[in-house]
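Student: Below is the sequence, then the predicted model.
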Amino acid sequence: MPCPHYDIAIIKRSKGMGAVKSAAYQSAENLYSEYDHKKHYNRSKEKEVFHKEILLPAHAPPEYADRSTLWNAVEKSEKQWNAQVARRIVVPIPREVPKERHVKLMREYCRNEFVSRGMVADLAIHDKGDGNPHAHILLTMRAMDEDGKWLPKARKVYDLDENGERIRLPSGKGWKSHKERTVDWDEPWNAEKWRRDWADLANRYLEEALLFLCLPEKRGMELFKQGVELHKGWKIIRETESRKKEKVLQRMIDLIGMSYRKANNLDISCEPDEGRGPVDFKLSRGQDITVIEVKLSTNKQYLLGMKRRF
């Protein structure tokens, strides 16, 4: 799978941006910035934030696990009006990878690419249910020493002559020097590496998901699940008269899986009784049997009841 969208941006004060403001945007948290003395909050993102957490390198202060503490500390460490305060990366998550695997995928990526090199990664996974899950990663741009103190982004290095001696400036006042970055995180080759490594890791998770779905009974259930949850199949069920819902549901799964069943020697029975009362469907292939019960409910006790039943 190619990586069609992988966005990298620098959070710059000169553009009216800030670390606390950016963290509030992606996490949908109400955060107060000690730099601009404003509260920042993005209510529009609240419902789509599926998961959020801060991943710390081993030597980072534990209090940086708090989002407000971390990004206000970052803002405090930058003194210039035009400082670059953070790096933001937005990556797409393959929709074929099960939602329950998204957190593991993003944690693995962040730890391998950023945290292992000393960056703090503020991760937020967004999913509006429109088939476009994606992750926001906000990264620190300064390294920390072993005590968790922010280090300079660059240091002065004196130029030396062929004898290893400092070179005096023509004015006679001071020595010729240049600046060197203390870390290589800003080097252009990083962008290509991060994109390539993301594509490789996402492909691995995608292949695992597709291998799982290659099991005939799993693939049949996944097709039906996608039809109901992602393609408005639930709307057909909800808007049908109560006495006809079961028949409509049975017809839906019959149509969705007809060609696949025939190709893989699968059999579907509607409302079979397996000894604990009738269920909506039974999928069988030889001795392998899977039962499916479909409910549209907001009752939090539903899952517990179904687990007790089956």
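Tutor: Arrived safely, thanks for sending. Here the structure is a predicted model, which means the values were calculated and not measured. Residues are numbered from 1 along each chain as shown.
Student: For Pro94, which non-adjacent residue is closest in space?
Tutor: Leaving aside its chain neighbours, Pro94 sits nearest to Leu206 (4.8 Å; criterion: CB to CB, 6 or more residues apart in numbering). (Each C-beta comes from the backbone N, C-alpha and C, glycine too.)
Student: Sorry, wrong one. I was asking about Tyr35.
Tutor: Among residues not flanking Tyr35 along the chain, Glu75 sits closest, at 4.1 Å (CB to CB, 6+ apart).
Student: Pull out the buried residues from the longest helix along the chain.
Tutor: Longest helix in the chain, counting residues (DSSP state H): helix 189-213. Neighbour-count burial for helix 189-213, counted by 16 or more other CB atoms under 10 Å, picks out Asn190, Trp194, Arg195, Trp198, Ala199, Leu201, Ala202, Tyr205, Leu206, Ala209, Leu213.
Student: follow-up on the earlier one: against Arg101, how distant is the residue nearest to Pro94?
Tutor: Distance of Leu206 to Arg101, given as CB to CB, to the nearest Å: 10 Å.
Student: Shouldn't Cys110 be within a strand?
Tutor: No - using DSSP: H, G, I helix; E, B strand; the rest coil, the assignment for Cys110 is helix, not a strand.
Student: number of nearby residues for it?
Tutor: The number of residues packed around Cys110, counting by other CB atoms under 10 Å, is 23.
Student: so what's it closest to, chain neighbours aside?
Tutor: In this structure, Cys110 finds its nearest non-sequential neighbour in Ala121, 4.3 Å apart by CB to CB, 6+ apart.
Student: Ala135 is in contact with the one you found, correct?
Tutor: No - applying CB atoms under 8 Å, one finds Ala121 not in contact with Ala135, separated by 10.3 Å.
Student: Quick one: the strands in the chain, in order.
Tutor: With DSSP state E applied, the chain shows strands at 7-12, 31-33, 38-40, 49-55, 84-92, 121-126, 134-139, 154-158, 177-181, 267-270, 281-285, 288-292, listed in chain order.
Student: Need the per-residue pLDDT for the residue lying closest to Ser14 once chain neighbours are set aside.
Tutor: Among residues not flanking Ser14 along the chain, Asn82 sits closest, at 4.0 Å (CB to CB, 6+ apart). With respect to pLDDT, Asn82 scores 94.
Student: do Arg181 as well
Tutor: For Arg181, the pLDDT comes out at 79.
Student: How about Lys173?
Tutor: Lys173 is given a pLDDT of 84.
Student: Contacts only, for Thr182.
Tutor: Ala143, Leu151, Pro152, Lys153, Ala154, Arg155 (CB atoms under 8 Å, 6 or more residues apart in numbering).
Student: again with Asp159
Tutor: Contacts of Asp159 (CB under 8 Å, 6+ apart): Arg166, Ile167, Trp175, Lys176, Ser177, His178.
Student: Now do stretch 124-139, average pLDDT.
Tutor: Averaged over stretch 124-139, pLDDT sits at 93.
Student: what's the first-to-last distance across it?
Tutor: Start to finish, the residues bounding stretch 124-139 are 12 Å apart (CA to CA, to the nearest Å).
Student: Check stretch 93-110 too.
Tutor: Stretch 93-110: ends 14 Å apart by CA to CA.
Student: Give the buried residues for stretch 117-131.
Tutor: Gly118, Met119, Val120, Ala121, Asp122, Leu123, Ala124, Ile125, His126, Asp127.
Student: Fine by me, thanks again.
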